[in-house]
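Asker: Pasting the sequence and the predicted model now:
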Amino acid sequence: MKYILLIGDGMGDVPQDSLGGQTPLEAAATPTIDRLAPASELLLVHTVPEGFPPGSDVANLSLLGYEPQEVYSGRAPLEAASLGVELAPEDTAFRCNLVLVEQAKNGLIMADYSAGHISTEEARELIEALKAACAQTQISLYPGVSYRHLLVLHTPLPPQFSTVPPHDHSGQDVSSFFTSYQQVEALKQLYACGPDILANHPVNQKRRAKGKAEANFFWLWGEGKRPSMSTLKEHYGLQGGMISAVDLLKGIGVLSGLEIINVPGATGYLDTNYAGKAQAALGVLAEKDFVAVHVEAPDECGHLGLLPEKMQAISDFDRQIVRPIVEEMERRNEPFRLVVTMDHYTPLHLRTHVDWPVPMLLFDSRSRSTGGLAYSEANARQAVEQSGRSFASGRAFFQYFVEQQGA
């Protein structure tokens, strides 16, 4: 049996007046998912335990069968694992976003949490410039993908230190959050040096000249210590691969013992290499029994409040990920169980994540059922109300998915 987990990050949403009361998932063209749905189960899964922030870190740990209460120590340590950065016990890892902030009358406005989805090549130049100009023994900087990077602090944090995700505060005054960094001398020095380096860098000069959003600031968040996790092989006897453009998912894959497949042209946005991801997944399934494919684009569009683009991202997910994988697995004529899901909702009107239970479609190639409902947020809730399955944790879901309820 092969097990396939397909994750459309942030696909979930609420009904839109402009879509006649449909959600983007209901309105988007998804013919392959629609074909699978009648023979599938609809599930609801609580991917975010009570008291945890509804981030992709917590939610995707749950999707892979982990209990965040047991293994979660912060987002950035997971990304450190992806980059091959070994954290010492005293180290604290931070996600380092390149962002665009604008000076307002009374403070700093978070104008773009992704610096216009800056390219990986441009961003690497900026991170390397920060390293060269603001070098300290107390911090280390590591370039990642697009706007997403890593900073490791080698000194202790104050007891009450905390940060916030920049994408939760788009268009808002973030001045008060910036003051948190001033509590740590090494970070204070970095912020005294860094913004001028970014503003005057040729990369940003060129972006300004082209009318693109520049990366004139950096935002630290998601801090945490080195986590301790057992592997999927140890838990469930599974071996497989993780395919994603983003370091967070790759880091979860590393720590869970999955092979990380780096697909050229995978960007984490609408221009990602969908075909390469699908082919990589099929390559994993030719040799191993599990694969997870993560697509970031719906979430990014949700954060930006872009309805047509979110629908496009969902349609592309169906057409370029779900369809080729399903059709090839059917051609191979070997049994498989496939889940189509989101990790969390990213509603357009909120432009951030929420912790609502997520709808899942679970298809088993051995099934001959024909009475299932279409895959949607409302239908999953209806199915559960009509004696369907709802799982209170990711572990409970994953055990059911891989047919190891007693694991």
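Answerer: In hand now; what should we look at? On a predicted model such as this, the values are computed, not experimentally measured, just so you know.
Asker: Can you list the low-confidence ranges for the stretch 151-300 of the chain?
Answerer: Residue ranges of the stretch 151-300 of the chain with pLDDT under 70: none are present.
Asker: ranges for the strands of it?
Answerer: 217-224, 240-243, 259-260, 290-295 (DSSP state E, counting those that start in this stretch).
Asker: Just list the residues touching the residue nearest the centre of the chain, thanks.
Answerer: The centre of the chain sits closest to residue 56, judged by CA atoms, centre = their mean, with a distance of 4.7 Å. Residue 56 makes contact with 9, 10, 75, 248, 249, 299, 343, 344, 353, according to CB atoms under 8 Å, 6 or more residues apart in numbering. (Each C-beta comes from the backbone N, C-alpha and C, glycine too.)
Asker: wait, the third one sits on residue 220?
Answerer: No. Using CB atoms under 8 Å as the test, residue 75 is too far from residue 220 to be in contact (11.3 Å).
Asker: residues shared between the contacts of the two?
Answerer: With CB under 8 Å, 6+ apart, residue 75 and residue 220 have common neighbours residue 95.
Asker: For residue 199, see how far away the residue nearest to residue 322 when sequence neighbours are not counted is.
Answerer: In space, and not counting its chain neighbours, residue 322 is closest to residue 32: 4.7 Å by CB to CB, 6 or more residues apart in numbering. From residue 32 over to residue 199 the distance is 46 Å, taken as CB to CB, to the nearest Å.
Asker: before we move on, what SS does the residue nearest to residue 322 have?
Answerer: Here residue 32 is helix, with the state taken from DSSP: H, G, I helix; E, B strand; the rest coil.
Asker: same deal with residue 77?
Answerer: Applying three-state DSSP: residue 77 is helix.
Asker: Give the full set of residues in contact with it.
Answerer: With CB under 8 Å, 6+ apart, residue 77 has these contacts: 87, 93, 224, 225, 226, 227, 251.
Asker: Is residue 351 in contact with residue 166, as I believe?
Answerer: No. If you go by CB under 8 Å, residue 351 and residue 166 don't touch, sitting 11.5 Å apart.
Asker: And the two? Which one has more around it.
Answerer: Between residue 351 and residue 166, counting by other CB atoms under 10 Å, residue 166 is the more crowded of the two (27 against 18).
Asker: Settle this for me: that one is touching residue 217, isn't it.
Answerer: No. Contact criterion CB under 8 Å: residue 166 and residue 217 do not qualify, at 9.3 Å.
Asker: Any chance you could list residues touching both of the two?
Answerer: residue 99.
Asker: max-length strand in the protein?
Answerer: For the chain, the longest strand by residue count, based on DSSP state E, is strand 92-104.
Asker: What helices and strands are in contact with that one?
Answerer: helix 75-82, strand 107-112, helix 120-133, strand 148-153, strand 217-224 (3 or more CB pairs under 8 Å, 6 or more residues apart in numbering; DSSP states H and E).
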